[in-house]
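S.K.: The sequence and its predicted three-dimensional model are supplied below.
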Amino acid sequence: MALSGLLLVSYVGFHMLGNLQVFEGAHALNGYAAFLRDMPILLWTARIGLLSLAVLHIVLAIRLTLRNRRARPVAYAVREYRQASFASRTMAASGLVLLLFIIFHLLHLTAGVIDPSFADRLDAEGYRDVYGEIVHAFQNPFIAALYLAGQLGLGLHLSHAVTSSLQTLGLEHAAFNRFFKTAGPTVALVVVLGNVAIILAVFLRIVRG
């Protein structure tokens, strides 16, 4: 579960970096998207691999939860948290929010099912107009709010998941414990700020079509 989670985190980071090209304009972002589509074998291998990782991660999470419940079928009479963070206590909830958000995101911007108006639209250079699609989407207050809510779930999940995964893999040492403890919140903050910057820049008309 730790390995699958870290691989998914790596993808989330690269995905965010790629999307930040929206600040460079339509030519940069649409060219980047076209570059990925021009390598269908690599693109579909990555998509199938990511889908497999996501399914594996969810299945393992459910198995681990059930195993924990079987190990202690009787609930604690009183719960007092000493070290467990809010993010660690809400992993199931943030994971569910994240799953629903990913499904919505794929149907919305990847498959063009929710809003097909830009699904086949091309820019002046003949590329699929991903830039225009993003601008059109995030100028809608409802869509922008949904994506911001998704970032809340993503941030909470990453905050605990990265640190927990490193600990699970045994990557702990007295000299680096502080680094490992802050790795999760740091990664979560960077990814969420990058994604939120895109959403708000479009919504506030800083980035325009």
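M.R.: Looks like it came in fine. Numbering: from 1, shown residues only.

S.K.: which residues touch Leu6?
M.R.: Val162, Ser165 (C-beta atoms under 8 Å, 6 or more residues apart in numbering). In short, each C-beta sits where N, CA and C put it, glycine included.

S.K.: quick one: average confidence on the one helix or strand it maps to?
M.R.: Leu6 belongs to helix 2-19 when assigned by DSSP states H and E. On average, the pLDDT along helix 2-19 is 95.

S.K.: what's the answer for stretch 86-103, then?
M.R.: Here the average pLDDT along stretch 86-103 is 91.

S.K.: follow-up on the earlier one: chain center to the helix holding Leu6, what's the gap?
M.R.: Put simply, helix 2-19 sits 7 Å off its chain's centre (C-alpha atoms, centre = their mean, to the nearest Å).

S.K.: How about stretch 169-180?
M.R.: Counting by C-alpha atoms, centre = their mean, stretch 169-180 is centred 25 Å from the centre of its parent chain.

S.K.: Provide the contact partners of it at residue level.
M.R.: Stretch 169-180 has contacts (C-beta under 8 Å, 6+ apart) with Ala2, Leu3, Thr163, Leu166, Gln167.

S.K.: Please list only the buried members of these.
M.R.: The neighbour-count test (16 or more other C-beta atoms under 10 Å) marks Ala2, Thr163, Leu166, Gln167 as buried among those.
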